[in-house]
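Engineer: Okay, sequence plus prediction incoming.
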Amino acid sequence: MELPVFNESGKDTGKKANLSDSVFNIEPSQQSIYLDVKHFLANQRQGTHSTKDRGEVSGSTKKPYKQKGTGNARQGHKRAPHMRHGGTVFGPKPRDYGFTLNKKTKQLARRSALTLKSKEQKITVIDTISSSAIKTKQIVNLLQSFQFNTAKILIVTPKHNKNIYLSCRNIPKLKVLESAQLNTYDIMNADRVVLMNEAVELVNTALG
């Protein structure tokens, strides 16, 4: 399939970008998208939560009163879970939430996500973005040219470009990724996917 290539002012350059049907026009797999998004979010979790059990909380292990004859229920010590300031039973401990997902499932998920965006006509191809200097206003003007002001935008560059990244950093709802870092979560989370023309062929090759 082919899409028109626009310049930064939102005008058609007359060029066409060739989006591979094997990447942007397949039968999408919702299950693969679900698994890859779950995998991505699980890997973002730090898993540093921790609670203290009865062996870790402060307090004496001395028996508070004798076993029999007081009329009270028998007690071992005040660090027991049912006592005030006692330990936590089966509380969370530091753990790794990540899990493995095979490469073919990840590839299928990304192709499926791009296909869904393509069918919804939410992919835009831009010839190039000027990166000679760090200018946030230039990126704001670009978004206004395409009337993307209120949408969540994902810009995909062919490789890491520090000036483009820094120009976009302070703009809400805007994220910049190089083509090698493209992932299912960010594709699905964006309202519009903006591909730089040079990045199209890289995505075709990597996922095709």
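Structural biologist: Thanks, I have it. Residues are numbered from 1 along each chain as shown.

Engineer: okay, CA-based contacts and neighbour counts for the rest of this
Structural biologist: Fine.

Engineer: Show me what secondary structure element comes after the longest helix along the chain.
Structural biologist: Longest helix in the chain by number of residues (criterion: DSSP state H): helix 103-119. Next helix or strand after helix 103-119 toward the C-terminus (DSSP states H and E): strand 123-126.

Engineer: picking that back up, which strands and helices lie in contact with the longest helix of the chain?
Structural biologist: Secondary-structure packing of helix 103-119 (3 or more Cα pairs under 8 Å, 6 or more residues apart in numbering; DSSP states H and E): helix 21-24, helix 30-44, helix 184-189, helix 197-207.

Engineer: Show me what the last one is packed up against.
Structural biologist: Same thing as helix 197-207. Counting by 3+ Cα pairs under 8 Å, 6+ apart, helix 197-207 packs on strand 12-18, helix 103-119, strand 153-157.

Engineer: same deal with the shortest one?
Structural biologist: In this structure, helix 21-24 makes packing contacts with helix 103-119, judged by 3+ Cα pairs under 8 Å, 6+ apart.

Engineer: Now the helix it packs on - C-alpha only, PDB.
Structural biologist: As requested, C-alpha coordinates have been extracted for helix 103-119 and formatted as PDB (Å, rounded to 0.1, in the frame of the first residue of the first chain):
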ATOM      1  CA  LYS A 103      10.100 -13.200  19.100                       C
ATOM      2  CA  LYS A 104       7.400 -14.300  16.600                       C
ATOM      3  CA  THR A 105       4.600 -13.200  18.900                       C
ATOM      4  CA  LYS A 106       6.200  -9.800  19.400                       C
ATOM      5  CA  GLN A 107       6.700  -9.300  15.700                       C
ATOM      6  CA  LEU A 108       3.100 -10.400  15.000                       C
ATOM      7  CA  ALA A 109       1.800  -8.000  17.700                       C
ATOM      8  CA  ARG A 110       3.600  -5.000  16.200                       C
ATOM      9  CA  ARG A 111       2.500  -5.800  12.700                       C
ATOM     10  CA  SER A 112      -1.100  -6.200  14.000                       C
ATOM     11  CA  ALA A 113      -0.900  -2.800  15.800                       C
ATOM     12  CA  LEU A 114       0.400  -1.100  12.700                       C
ATOM     13  CA  THR A 115      -2.300  -2.700  10.600                       C
ATOM     14  CA  LEU A 116      -5.000  -1.500  12.900                       C
ATOM     15  CA  LYS A 117      -3.600   2.100  12.800                       C
ATOM     16  CA  SER A 118      -3.400   1.800   9.000                       C
ATOM     17  CA  LYS A 119      -7.000   0.600   8.600                       C
END
